[in-house]
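Colleague: Need a 3D model of the sequence below.
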Amino acid sequence: MTLLHEQAWSEAPSDGSPVLVLLHGRGSDMHDLLGLRPGLPSELPLVTPQAPFPGGPWGYGPGWAWYRYVSDDRVVPETLERSLDAVDTFLDQLPDILGVEPGPIVLGGFSQGGTTSLAYMLTRPGRIALAANFSGFLVSDPPMAPGPGEERTPLFWGHGLLDPAIPHALAIRGRQRLVEMGVAVTERDYPIGHGIVAEELADFSAWMTAGF
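Modeller: Numbers count the residues shown, from 1 in each chain. Sure, this is the predicted structure:
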């Protein structure tokens, strides 16, 4: 499965450049997170793939989805697994997309995209350098955890304290599970609902830059 995508950078990437891949939320598309570009490090290439499932049949509007949501922190597992496989293929295609051999890959996303990034991080240890979750959750079914001795990818988790879509209680629960797995989680909370604010982007950018 090949994912459509958009890309943006201030200067052409070179071999070994870190690359940021951001996954959009439910019912959105590949254009949505390009709006974050001004708040991210200017030298960092940004690539935004589009989820594989049309949202309409699941009641998510005219956009696209990474998985079918059930309730709380549960999803339909096979839909998420198909998207994880699609992200695998997409990351393999980055040299052709960018025209260079990428260096460290940072995978993150908003809402459903954040949930998908978390699942990818845990099921593909060592595949990406850093992970980011903006207002997503950690799925409970199937249970996800790195195996013994497998690499734990550092994670930035930003969340709105007033989030009505994915309540902050799910962030507390998910973060605790990750810490118990041995994941280094950088936690940042903001007095907002379901969204991303400039302060969050600044915090994430500083964390990401320090992680390379």
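
Colleague: show me the contacts for residue 24.
Modeller: Under the criterion of CB atoms under 8 Å, 6 or more residues apart in numbering, the contact list for residue 24 reads 30, 32, 33, 48, 50, 51, 63, 64, 109, 110, 112, 113. To be clear about C-beta, it is placed using only N, CA and C from the backbone, and glycine gets the same treatment.

Colleague: For these, give me TSV that also has distance to residue 87 and secondary structure.
Modeller: Compiled in TSV, the contacts of residue 24 are given as follows (distance: CB to CB, whole Å; DSSP: H, G, I helix; E, B strand; the rest coil):
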residue	distance to residue 87	secondary structure
30	13	coil
32	17	helix
33	15	helix
48	12	strand
50	11	coil
51	10	coil
63	17	coil
64	13	strand
109	10	strand
110	15	strand
112	12	helix
113	10	helix
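
Colleague: Among those, which one lies nearest to residue 178?
Modeller: The nearest member of the contacts of residue 24 to residue 178, counting by CB to CB, is residue 109 at 15.9 Å.

Colleague: Name the nearest residue to the closest one, ignoring sequence neighbours.
Modeller: Distance criterion CB to CB, 6 or more residues apart in numbering; nearest residue to residue 109, sequence neighbours excluded, is residue 23 at 3.2 Å.

Colleague: Count the neighbours of that neighbour for me.
Modeller: As a burial measure, the neighbour count of residue 23 was computed by other CB atoms under 10 Å and equals 32.

Colleague: where are the low-confidence patches of this structure?
Modeller: Applying pLDDT under 70 to the predicted model, the residue ranges of the chain that meet it are 1, 142-150.

Colleague: quick one, helices of it?
Modeller: Under the criterion DSSP state H, helices of the chain are mapped to 77-92, 94-98, 112-123, 168-181, 198-211.

Colleague: Just name the most buried of the ones you listed.
Modeller: Highest mean neighbour count of those: helix 112-123, a mean of 26 (counted as mean count of other CB atoms under 10 Å).

Colleague: hang on, residue 212 packs against residue 18?
Modeller: Yes. In terms of CB atoms under 8 Å, residue 212 counts as a neighbour of residue 18; the distance is 5.6 Å.

Colleague: Compare the two and say which one has the larger neighbour count.
Modeller: Neighbour comparison, residue 212 and residue 18: the larger count goes to residue 18, with 20 against 12 (by other CB under 10 Å).

Colleague: Surely the more buried one is in contact with residue 107?
Modeller: No. Look at residue 18 against residue 107 with CB under 8 Å: they stay out of range, at 11.6 Å.
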